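J.: Sequence first, predicted coordinates after that:
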Amino acid sequence: MTRKNVFFYVQHLLGIGHLKRAATLARAMSEEGLDVTVVSGGEEVDVLDQHGMTFVQLPPIRTRDRTFSGLVDASGEDVGEDLKQRRAAVLIDAFTSVRPDVLIVELYPFGRRQLRFELDPLLDAADAMHPRPVIVSSVRDILVEKNRPERDRQMVDTAKARFDAVMVHGDPAFIPLDATFPLAKEIADMIHYTGYVVEKTLADAEGGIQGAGEVIVSSGSGAVGELLLRTAMAARPRTGLSQVTWRLLAGPSLPDDVFMDLKAAAPDGVIVERARRDFVTLLKNCRLSISQGGYNTVMEILATGAKGIAVPYAGGHETEQTLRTRLLAERGAILQIPESELNIDRLIDMIERAEGLPKPKPYPLDMNGAEKAAKLVATWAAHGLESGIAANQLD
């Protein structure tokens, strides 16, 4: 029997969370017997596990700064028409060579408006293909609040006109999509909740002893994590954990000069290194996790049962990390420090509070998102959209 094909477009502009979640989904789809091509438009990520997929790298672009004020290329120059045309050509060539049964576009039309120069041609190519693939939008649980209400209407209109389904990688019992996207009810028939996406096979595996008894401080991609790493290093001597090893993980986007400065400043007992592929193992074994509040990191903390302090990124108009971590903190699953309140004294106080708490009990979130999404996509690929069933009906 011929294997079915999935074409998965993803773009990360600042952190690497979008790409990491897409890769986790791609591997789960591969385990369902699908051939998956992931096309990434962000900067290349050395620590990404690419097994289980065909990976295509577009000429990379990223946001100019943490306010998402514009797009730049790998050298920091503004994205021009030539680069836009080159990216679109590579993307369409890859799509037409795969001829997928399912096309998945990460976040759009609920974000990534800046990339319509390549997304609209991609959707046009999908509409023109015979047979036409099932076209799916893949979004996380929480959308960033928009300061222009008319954008919500544009999102709904585009979803209805160009997409067949919307996979929401969250648990509506925790937070439904309409909590951050009021017009979600207008596309309720398109929405399929999958549960949260997490590398459960890694979280459940025995693993090694890496990180045993350590404090793990992680900054996601590192693009905006310098303050957290420096604050943690300065706080360590004044905490009750000053005699244990602290491991500071700088993401791949932290500039080399900043990384080397952190390494030079590290005292005995503090390890400064780049992000590691065995991060989940470190979480399983650690005494305490101090991190930003990205979707993937928070879910991995919950899945491994680690005791965690989150400092959610809140730059520009970003609100999703703050909302997710606040809701989890209110339910006792993690501790939270708003980014605007992060300082040495506040971090010390929170560390002492964490030390006085018992190991957290498993929080009842649906974390089968990768598996459920893969089954749903496999059904669409084999039998078309009408055969798909809502995620809450999946085993």
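T.: Happy to help now that I have it.

J.: drop to CA atoms for contacts and neighbour counts, all remaining ones
T.: Fine.

J.: tell me which helix or strand of the protein sits lowest on mean pLDDT?
T.: Across the helices and strands of the chain, mean confidence by mean pLDDT, DSSP states H and E is lowest for helix 200-204: a mean of 66.

J.: Note down every partner strand of the following helix or strand past that helix and its orientation.
T.: Heading C-terminal from helix 200-204, the first helix or strand you meet, by DSSP states H and E, is strand 215-218. Strand 215-218 pairs in its sheet with strand 246-250 (parallel), strand 288-291 (parallel), by DSSP bridges.

J.: Helix or strand next in line after the shortest one, which one?
T.: The reference is to strand 288-291. Using DSSP H and E, the helix or strand that follows strand 288-291 towards the C-terminus is helix 295-304.

J.: how about the strands paired with strand 215-218, which one is nearest residue 201?
T.: Proximity to residue 201, assessed across the strands paired with strand 215-218 by Cα to Cα, is greatest for strand 288-291 (20.1 Å).

J.: Could I get the CA-only coordinates of that closest one as CSV?
T.: C-alpha atoms of strand 288-291 as CSV (Å, rounded to 0.1, in the frame of the first residue of the first chain):
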residue,chain,number,x,y,z
LEU,A,288,14.6,22.4,40.5
SER,A,289,13.9,23.8,37.0
ILE,A,290,14.1,27.6,36.4
SER,A,291,13.0,28.5,32.9
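
J.: pLDDT below threshold where in the stretch 251-395 of the chain?
T.: 315-318, 386-395 (pLDDT under 70).

J.: now the helix or strand hosting residue 345: how far from the chain's centre is it?
T.: Assigned by DSSP H and E, residue 345 falls within helix 344-355. Distance of helix 344-355 from its chain centroid, counting by Cα atoms, centre = their mean, to the nearest Å, is 27 Å.

J.: and what of stretch 207-226?
T.: 16 Å.

J.: Output it as CSV, restricted to C-alpha atoms.
T.: Output of stretch 207-226 as CSV, limited to C-alpha atoms (Å, rounded to 0.1, in the frame of the first residue of the first chain):
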residue,chain,number,x,y,z
GLY,A,207,17.1,7.8,30.5
GLY,A,208,20.4,8.4,32.3
ILE,A,209,21.5,10.2,35.4
GLN,A,210,22.3,13.5,33.7
GLY,A,211,21.3,16.5,35.8
ALA,A,212,20.7,14.5,39.0
GLY,A,213,20.1,16.8,41.9
GLU,A,214,21.0,19.9,39.9
VAL,A,215,19.2,23.2,39.4
ILE,A,216,18.6,23.5,35.6
VAL,A,217,18.2,27.0,34.3
SER,A,218,17.0,27.2,30.7
SER,A,219,16.4,30.1,28.4
GLY,A,220,14.6,28.4,25.5
SER,A,221,16.2,29.5,22.2
GLY,A,222,18.2,32.0,24.1
ALA,A,223,17.2,35.0,21.9
VAL,A,224,15.7,36.8,24.9
GLY,A,225,17.0,34.7,27.8
GLU,A,226,20.2,36.5,28.9
